[in-house]
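Chemist: Predicted model, plus sequence, below.
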Amino acid sequence: MEREKLKGFFTTGEFARLCNVRKQTLFHYDEIGLLKPEVKLDNGYRYYSYQQFDVFSVIELLKELNMPLKEIKQFLATKSPEQFVTLFEEKKRELQQKMKHLKQLERIVDTKLAITKEGMATDFTTIRIQPEEEERFFISADVKNTDDKAFLHAISDLIEFVYNEELDIGYPIGAILQREEIENEDYENYVNLYTKIAPTKRQVPIHVKEKGFYVVAYHIGEESKKHTTYERIQQYVRDQQMRLASDAYEEYVFEETAVSELENYVTEIKIRVE
């Protein structure tokens, strides 16, 4: 082909710069038959038309959507408007699902950041009384008076359900300790485990934490010494001439991923008072 007839074509280098890739990428695409130059001279020089930029863009788009080059090549070799619509509608559905998942991940990250930052700004040595709004929790099966095997099974069921149903929004797993167990000084005999979840149309077991005033305290360190914090709570409530009026809600403030030593674990304890 005469040189003047190539004025509307890009050399390999020019086309590579236009596509923001290395020339080797175009050489590879040519070699595997994915995107061949519009013109290839006897001396080996390759030339691409501007229309091929659209083809290249579609190839890169499908690559970004995790479609293998082999499948892209097959699609381009047999393409039709109908096939184009079918493929891109499928890819759109995949994108929407991925965006939904990424949005959920973003919410989980935001929640964990908020909890940790709030914890960093909290004085864990003080006990206080504060108003709380009603909250609804997804709860586990009853674990009161169960053995370790049943307790772990209940935790596993709760975690698996939240994960499989994509309801995780980043909140820790909490535990409910009934008021009678506090009075009996049985501080490990929880009745349910719970967590906050995303809104769902599924019928799930829900526990309602009532609106009201709650005494809030923090236990730092080993679970085995938690009785000391409950004793402080009860003394504080008596000093305020109030009484415990609900079960206790326990949640980690700093999870294992945020602190390195057991003695730095922080558990928030909330109990409604009257």
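Modeler: Ah, there it is.
Chemist: which residue packs closest to residue 158, ignoring adjacent ones?
Modeler: residue 140 (4.4 Å; Cβ to Cβ, 6 or more residues apart in numbering). Quick note: C-beta positions are derived from backbone N, CA and C, even for glycine.
Chemist: how about that neighbour, what does it touch?
Modeler: 154-155, 157-158, 192-194, 205 (Cβ atoms under 8 Å, 6 or more residues apart in numbering).
Chemist: how about the helices in the stretch 1-150 of the chain?
Modeler: For the stretch 1-150 of the chain, the helices defined by DSSP state H, counting those that start in this stretch occupy 12-19, 23-31, 52-64, 69-77, 81-120, 148-164.
Chemist: Pipe those into TSV and attach distance to residue 239 per row.
Modeler: Output for the helices of the stretch 1-150 of the chain, formatted as TSV (distance: least, Cβ to Cβ, whole Å):
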stretch	distance to residue 239
helix 12-19	74
helix 23-31	74
helix 52-64	63
helix 69-77	72
helix 81-120	26
helix 148-164	35
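Chemist: Dump these into TSV; add mean neighbour count and distance to residue 222 as well.
Modeler: Converted to TSV, those look like this (neighbours: other Cβ atoms under 10 Å; distance: least, Cβ to Cβ, whole Å):
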stretch	mean neighbour count	distance to residue 222
helix 12-19	16	60
helix 23-31	15	58
helix 52-64	15	49
helix 69-77	14	55
helix 81-120	12	18
helix 148-164	14	18
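Chemist: closest to residue 238 out of the ones you listed?
Modeler: When the helices of the stretch 1-150 of the chain are compared by Cβ to Cβ, helix 81-120 sits nearest residue 238, at 27.5 Å.
Chemist: follow-up on the earlier one: grab the two from the contacts of residue 140 that are most spread out in space.
Modeler: 155 and 205 (14.4 Å).
Chemist: I'd like the distance from the residue nearest to residue 158 to residue 184, if you could.
Modeler: From residue 140 across to residue 184, the span is 21 Å (Cβ to Cβ, to the nearest Å).
Chemist: Kindly report the same for residue 32.
Modeler: When residue 32 is compared with residue 184 (using Cβ to Cβ), they lie 73 Å apart.
Chemist: Next: residue 122.
Modeler: Residue 122 is 29 Å from residue 184, by Cβ to Cβ.
Chemist: Settle it for me: which of the two has more neighbours?
Modeler: residue 122 (14 against 10; other Cβ atoms under 10 Å).
Chemist: how about that one, what does it touch?
Modeler: By Cβ under 8 Å, 6+ apart, residue 122 lies in contact with 218, 253.
Chemist: same thing with residue 267?
Modeler: 218-220, 223, 226, 250-253.
Chemist: Now do the SS call for it.
Modeler: strand (DSSP: H, G, I helix; E, B strand; the rest coil).
Chemist: I figured residue 272 was touching residue 248, is that so?
Modeler: No: taking contacts as Cβ atoms under 8 Å, residue 272 lies outside contact range of residue 248: 9.3 Å.
Chemist: These two - which one has more neighbours?
Modeler: residue 248 (24 against 19).
Chemist: three-state assignment of the more buried one?
Modeler: Taken by three-state DSSP, the conformation at residue 248 corresponds to strand.
Chemist: Okay, it and residue 136: tell me how far apart.
Modeler: Counting by Cβ to Cβ, the gap from residue 248 to residue 136 is 18 Å.
Chemist: pLDDT below threshold where in the stretch 1-150 of the chain?
Modeler: 1-6 (pLDDT under 70).
Chemist: rerun that using 50 as the cut-off
Modeler: Applying pLDDT under 50 to the stretch 1-150 of the chain flags residues 1.
Chemist: what residue is smack in the middle of the protein?
Modeler: Nearest residue to the geometric centre of the chain (Cα atoms, centre = their mean): residue 105, 2.7 Å.
Chemist: and that residue, how far is that from residue 99?
Modeler: 11 Å.
Chemist: Name the nearest residue to residue 46, ignoring sequence neighbours.
Modeler: Once flanking residues are discounted, residue 46 sits nearest to residue 37: 3.8 Å by Cβ to Cβ, 6+ apart.
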